[in-house]
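> I need the structure of the sequence given here:
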Amino acid sequence: MMEVVTVELDVNEMADITDRVERFVRESGKNEGAVLIFSKGSTGAVTTIEYEPGLKKDFPRIMDRIAPYKDYYEHHKTWGDDNGSSHVKSAIVGTSLIVPFKDGRLLLGTWQQIVVINFDTRRRRREVILYIL
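Residues are numbered from 1 along each chain as shown. A predicted model of the protein is given here:
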């Protein structure tokens, strides 16, 4: 079973998709297993975080310290664009996540939510593929 979730995100914005993933798992009719969450594209990412206002501000700030937008990236010469830092951030965080479930419920921690992040330098429509394993 597979589903595609589409989310519109601004630069450095993250969206909590936990409820959508939980609904997908319930609708699968499977009692236990794992769900693969995969963000298409090389400037987005999927991870877990405590989705609260402070971390929604902290996370992009820290990621910009790791791969600053204004740094020089060879990637810019390849394509004549400005999103080398976006690709680096996506590669560091990762584009996929696997979450186990039992009794039709995700086995996440109390303060752990599934998020999709747009690291690109412009607003993007992110497609996230959900797949039962």
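> what's the spacing between the longest helix seen in the chain and its chain's center?
Secondary structure of the chain per DSSP state H: the longest helix is helix 53-66. Offset of helix 53-66 from its chain centre (Cα atoms, centre = their mean, to the nearest Å): 14 Å.
> What is the least confident helix or strand in the chain?
Of all helical and strand segments in the chain, the minimum by mean pLDDT, DSSP states H and E falls on helix 74-79, at a mean of 92.
> which residues in the chain form strands?
For the chain, the strands defined by DSSP state E cover 2-9, 14-16, 32-39, 44-49, 96-102, 105-106, 113-118, 124-132.
> just those: most buried one?
Comparing the strands of the chain by mean neighbour count (mean count of other Cβ atoms under 10 Å), strand 113-118 comes out on top with a mean of 24. Quick note: C-beta positions are derived from backbone N, CA and C, even for glycine.
> That one: how far from the chain's middle?
On Cα atoms, centre = their mean, the centre of strand 113-118 falls 4 Å from that of its chain.
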